[in-house]
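> Fold the following and give me the result.
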Amino acid sequence: MTENFIDWLAMDNIGGAPGWAWLLFLAIVLGLLVLDLGVLHRGDRAMGLRDSLRASFLYVLVALLFGAWIWYEFGSDAGLRFLTGYVIEKSLSLDNIFVISLIFGYLAIPSALQHRVLFWGILGVLVMRALLIGAGTALVHEFAWLLPIFGLLLIAAAIRMLRNDESTPSHSQAHLLAALRRHLPVTETLHGRAFLVRLPDPRNAGRLRLYLTPPLLALILIESADALFALESVPAILAITPEPYLVYTSNIFAVLGLRALYFALAAMVTRLAYLKHALALILILVGGKILFQHFGGHVPPLFSLCVTLSLLAGGVLLSWRAERRGGGKLTRTEA
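Predicted coordinates for the structure are as follows:
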């Protein structure tokens with residue numbers, strides 16, 4: 001078994017990278033998770049703005065250092081593709097933050113428990129994204145004609161993003177929540193930090209029954225929302241590079257910092273009136289790039305990175321100007 005593991009580490013190409021490179025990435029991810037939960041946030045407490053900004057800076061710094069290592073180890077083109085994928089996924093995660101905020105507010109999850117819910121949500125995302133990216137890259141390699149379909153889907157997602165009113169949880173999430181409450185025993189009140197709790201069964205006196213608590217409902221809704229976001233973000237990164245290693249590492253590094261970024265931006269994201277317009281333009285850019293390259297064109301990775309950053313910065317700047325002109329009353333849904 002040890003010899004097989006050594007042979008795996010020495011393999012030159014496993015999803016676009018040698019085995020030891022995958023092991024290095026997994027070790028960094030595990031180290032960040034242990035540091036976050038085991039050292040920085042051992043107890044259930046609300047994460048303040050200063051702590052969330054520090055944690056966000058740490059995650060971004062580690063991602064940039066990893067990108068610099070990819071640049072050094074695999075070349076400038078691979079480094080640019082990693083950074084572009086990371087920036088796109090990080091940008092799209094801003095919209096995810098708004099949805100998470102709605103879910104927590106709708107289920108009245110206190111801020112002290114939100115970190116715990118998001119931590120387990122991130123663990124689920126690591127597995128889910130691995131499956132989706134593995135399936136997506138396999139399909140693209142096997143059926144190249146699927147890529148322009150991904151491009152059209154991204155453009156359609158951008159149009160849907162501009163049309164949707166995101167002031168309340170989506171219909172799909174509301175239906176899922178109603179189905180969970182209809183078919184499973186759910187308690188309406190919190191029971192400490194527990195996801196599951198045993199309570200007396202009203203239909204069988206003297207017996208206990210396992211109940212879902214609101215934090216577990218929030219976790220299920222967040223995972224379902226991320227699955228929908230992944231259907232947009234994974235094809236977007238596949239448009240940048242089909243290499244599974246670059247796709248997965250850039251995707252996961254962006255998602256890992258989502259929890260800390262949520263606590264830093266949750267209170268401000270509703271005031272970013274033009275954020276969804278910028279994100280929609282980013283999706284249109286990526287979708288258009290897929291179609292352009294399918295018909296023989298070429299878009300340099302540096303150009304994609306610069307335009308993505310410019311669109312995101314433009315959305316934030318316009319939102320800030322609208323906020324100042326409106327005396328702080330403009331909300332995102334009024335845009």
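> Which parts of this protein are strands?
Using DSSP state E, the strands of the chain run over residues 196-200, 208-212.
> Touching the last one from outside, list them.
By C-beta atoms under 8 Å, 6 or more residues apart in numbering, the residues outside strand 208-212 that reach it are 180, 184-187, 195-201. (C-beta placed from N, C-alpha, C; glycine too.)
> Among these, which pair sits farthest apart?
In those, two members sit farther apart than any others by C-beta to C-beta. They are 180 and 200, at 20.7 Å.
> hang on, the earlier thing: quick check on the contacts of strand 208-212: which are buried?
Neighbour counting over the contacts of strand 208-212 (16 or more other C-beta atoms under 10 Å) leaves 180, 187, 195, 197 as the buried ones.
> so how many other residues sit close to the closest residue to the last one other than its chain neighbours?
Of all residues beyond its chain neighbours, the one nearest residue 197 is residue 191 (4.3 Å), with distances taken as C-beta to C-beta, 6 or more residues apart in numbering. Counted with other C-beta atoms under 10 Å, the neighbours of residue 191 add up to 15.
> distance of residue 191 from residue 218?
Taking C-beta to C-beta, to the nearest Å as the measure, residue 191 and residue 218 are separated by 14 Å.
> wait, what's in contact with the residue minimising distance to the centre of the chain?
The structure's the chain has its C-alpha centroid closest to residue 255; by C-alpha atoms, centre = their mean the separation is 4.3 Å. When the contact criterion is C-beta under 8 Å, 6+ apart, the partners of residue 255 are 89, 93, 122, 125-126, 129.
> Closest to residue 113 out of the contacts of strand 208-212?
For the contacts of strand 208-212, with residue 113 as the reference and C-beta to C-beta as the criterion, the closest is residue 195, at 10.0 Å.
> Model confidence at the closest one, what's the number?
Turning to residue 195, the model gives it a pLDDT of 87.
> tell me which residues in stretch 106-126 are buried?
Along stretch 106-126, these residues count as buried under the neighbour rule (16+ other C-beta under 10 Å): 106-107, 109, 113-118, 120-122, 125-126.
> From the residues you listed, pick the one nearest residue 227.
residue 125 (9.1 Å).
> Just want to check the distance between the closest one and residue 256.
Here the criterion is C-beta to C-beta. By it, residue 125 lies 9 Å from residue 256.
> Also residue 292?
31 Å.
> out of those two, which sits in the more crowded spot?
Counted by other C-beta under 10 Å, residue 292 and residue 256 do not tie: residue 256 has more neighbours, with 21 against 14.
> Need phi/psi at the residue nearest to residue 197.
Note on residue 191: backbone dihedrals following degrees, to the nearest 10 are phi -130, psi 70.
> Show me how far stretch 106-125 is from its chain's centre.
For stretch 106-125, the separation from the chain centroid amounts to 14 Å (computed by C-alpha atoms, centre = their mean, to the nearest Å).
> ok, so of the contacts of strand 208-212, who is nearest residue 265?
Closest approach to residue 265 among those (C-beta to C-beta): residue 195, at 25.5 Å.
> where does this protein dip in pLDDT?
Counting by pLDDT under 70, the chain contains low-confidence ranges at 1-16, 37-48, 140-145, 164-174, 266-271, 294, 326-335.
> just the helices in it please.
When assigned using DSSP state H, the helices of the chain occupy the ranges 2-10, 19-33, 49-74, 76-106, 111-142, 146-163, 171-183, 214-238, 244-256, 258-269, 275-294, 301-325.
> Can you give the distance of the fourth one from its chain's centre?
Yep, that's helix 76-106 we're talking about. When C-alpha coordinates are averaged (C-alpha atoms, centre = their mean), helix 76-106 and its chain have centres 5 Å apart.
> what's the angle between it and helix 111-142?
Between the axis of helix 76-106 and that of helix 111-142 there is an angle of 140 degrees, by axes from the mean of the first three to the mean of the last three C-alpha atoms, to 10 degrees.
> Show me what counts as buried in helix 76-106.
Of all the residues in helix 76-106, those buried under the rule 16+ other C-beta under 10 Å are 78-104, 106.
> on that earlier part again, nearest to residue 150 among the buried residues of stretch 106-126?
The closest of those to residue 150 turns out to be residue 125 (C-beta to C-beta; 20.2 Å).
> what's the distance between that closest one and residue 184?
Where residue 184 is concerned, residue 125 sits at a distance of 23 Å (C-beta to C-beta).
> and residue 32, how many neighbours does it have?
Using other C-beta under 10 Å, residue 32 has 17 neighbouring residues.
> Give the full set of residues in contact with the nearest residue to residue 78 once chain neighbours are set aside.
The shortest distance from residue 78 to any residue other than its chain neighbours is 5.4 Å, reached at residue 70 (C-beta to C-beta, 6+ apart). Applying C-beta under 8 Å, 6+ apart, one finds that residue 70 lies in contact with 78-79, 82, 246, 249.
> what's the farthest-apart pair in those?
Using C-beta to C-beta, the two most remote members of the contacts of residue 70 are 79 and 249, lying 11.6 Å apart.
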